[in-house]
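In: Sequence and computational prediction follow.
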Amino acid sequence: MSNAPILITGAAGFIGFHTATRLLQAGRSVVGIDNLNDYYDPALKEARLQQLDNFAEFQCVQGDISDKAAMEKLWAEKGPFKEVIHLAAQAGVRYSLENPYSYITSNCMGHLTVMEMCRHTEGFKHLVYASSSSVYGGNEKLPYAVEDPVDHPISLYAATKRADELMSHTYSHLYDIPQTGLRFFTVYGPWGRPDMALFIFTKAIIEGRPIPVFNNGEMKRDFTYVDDIVSGILGALDHPPVREGRKAPCRVLNIGNNRSERLMDFVELIEKELGRKADINFLPLQPGDVPETFADIRAINELTGYKPTTTIAEGIPRFVAWYKDYYNIES
């Protein structure tokens with residue numbers, strides 16, 4: 001196995017942390033970059049980095065991926081990087097209604113800057129980057145397949161992720177940069193993001209506060225456990241696309257659990273694990289949100305053998321156990 005350094009952008013983030021951990025456990029050398037912004041509690045990001053610092057082959061630089069000078073310095077001092085897992089982004093559908101400018105800076109300018117660095121790296125092998133299931137917008141055909149049209153995003157977050165996919169295709173076509181975009185479906189698990197439903201619900205139930213449940217509970221999601229997501233990321237990394245005639249070395253893949261779960265079943269599992277009932281505040285569907293997601297994962301399965309193995313009945317207890325441990329909550 002090569003031990004040339006691999007770059008992970010957003011290394012202090014939820015998925016970045018788990019991806020870095022898996023690579024380091026396999027003996028890879030990992031360099032991370034993260035701006036440690038305050039979209040959610042930076043202390044959680046710092047705690048993730050403290051876990052990664054236990055590995056001698058890990059280094060992390062605080063910096064902004066949209067800052068060209070900072071990225072050039074990173075490449076010069078820690079690189080060059082011939083494999084990049086680009087996970088840094090401004091996340092969240094609802095927050096994009098409040099702070100749209102941060103999405104253009106992080107998700108579009110940041111993505112362009114990463115591609116520019118890869119473009120000028122001799123012998124560059126593969127850029128794997130995070131897209132999102134939100135690109136499917138208001139599509140009513142289920143499950144969502146990578147061949148489906150994605151021309152009608154219903155949130156700015158989704159629009160920036162679709163823009164990234166289009167920019168990647170252009171750069172692959174022009175400069176022969178192998179790129180794979182991964183459309184993640186509702187990722188959850190230990191060390192998760194505080195703005196995601198599992199974290200919000202667990203915290204509120206423990207504190208005796210009502211939980212917000214949108215669309216009056218008529219929601220379904222393809223909840224995907226983070227370990228399965230990491231397996232998909234690394235499987236994709238090992239299979240860079242190649243140019244085929246006029247077809248650019250570029251692809252997009254879904255990574256999901258390949259099942260659509262009722263949100264209320266999700267809530268019931270949290271209640272069971274905590275041993276207490278939730279006080280539910282039913283609310284209408286939020287702008288930019290969709291009532292159901294469901295991933296068709298045939299493409300990534302055929303390419304890498306990817307098969308998710310973790311059900312929500314297994315994954316939710318693991319998250320709750322981590323949450324209680326991290327926040328020193330007695331059962």
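Out: Nice, thanks for sending it over. Numbers count the residues shown, from 1 in each chain.

In: ok, residues contacting stretch 66-77?
Out: 7, 31, 33, 61, 63-65, 81, 105-106, 109-110, 113-114, 116-117, 121 (CB atoms under 8 Å, 6 or more residues apart in numbering). Using the backbone N, CA and C atoms, a C-beta is placed for each residue, glycine as well.

In: residue ranges for the helices of the protein, please.
Out: 14-25, 42-52, 68-78, 100-103, 110-119, 156-175, 197-207, 226-237, 263-274, 298-304, 312-326 (DSSP state H).

In: Mind putting those helices into a markdown table with distance to Leu87?
Out: Shown next, in a markdown table, are the helices of the chain (distance: least, CB to CB, whole Å):
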| stretch | distance to Leu87 |
| --- | --- |
| helix 14-25 | 5 |
| helix 42-52 | 13 |
| helix 68-78 | 15 |
| helix 100-103 | 15 |
| helix 110-119 | 10 |
| helix 156-175 | 12 |
| helix 197-207 | 18 |
| helix 226-237 | 8 |
| helix 263-274 | 24 |
| helix 298-304 | 17 |
| helix 312-326 | 19 |
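
In: Please convert the ones you listed to JSON lines, extending it with mean pLDDT and distance to Val150.
Out: Below are these laid out as JSON lines (pLDDT from 0 to 100; distance: least, CB to CB, whole Å):
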{"stretch": "helix 14-25", "mean pLDDT": "98", "distance to Val150": "21"}
{"stretch": "helix 42-52", "mean pLDDT": "97", "distance to Val150": "30"}
{"stretch": "helix 68-78", "mean pLDDT": "96", "distance to Val150": "28"}
{"stretch": "helix 100-103", "mean pLDDT": "93", "distance to Val150": "17"}
{"stretch": "helix 110-119", "mean pLDDT": "98", "distance to Val150": "16"}
{"stretch": "helix 156-175", "mean pLDDT": "96", "distance to Val150": "6"}
{"stretch": "helix 197-207", "mean pLDDT": "94", "distance to Val150": "23"}
{"stretch": "helix 226-237", "mean pLDDT": "97", "distance to Val150": "19"}
{"stretch": "helix 263-274", "mean pLDDT": "94", "distance to Val150": "24"}
{"stretch": "helix 298-304", "mean pLDDT": "96", "distance to Val150": "14"}
{"stretch": "helix 312-326", "mean pLDDT": "96", "distance to Val150": "26"}
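
In: Out of those, flag the one nearest Ile280.
Out: Nearest of those to Ile280, taken as CB to CB: helix 263-274 at 7.3 Å.

In: And the closest one, what does it pack against?
Out: helix 197-207, strand 211-213, strand 220-221, helix 312-326 (3 or more CB pairs under 8 Å, 6 or more residues apart in numbering; DSSP states H and E).

In: for the nearest residue to Ser102 once chain neighbours are set aside, phi and psi?
Out: Nearest residue to Ser102, sequence neighbours excluded (CB to CB, 6 or more residues apart in numbering): Gln90, at 4.7 Å. Per-residue torsions, Gln90: phi -90, psi 110 (degrees, to the nearest 10).

In: need the contact list for Gln90.
Out: Contacts for Gln90 (CB under 8 Å, 6+ apart) come out as Tyr39, Ser96, Asn99, Ser102, Tyr103, Thr105, Ser106, Asn107, Tyr157, Thr160.

In: Sounds good, over and out.
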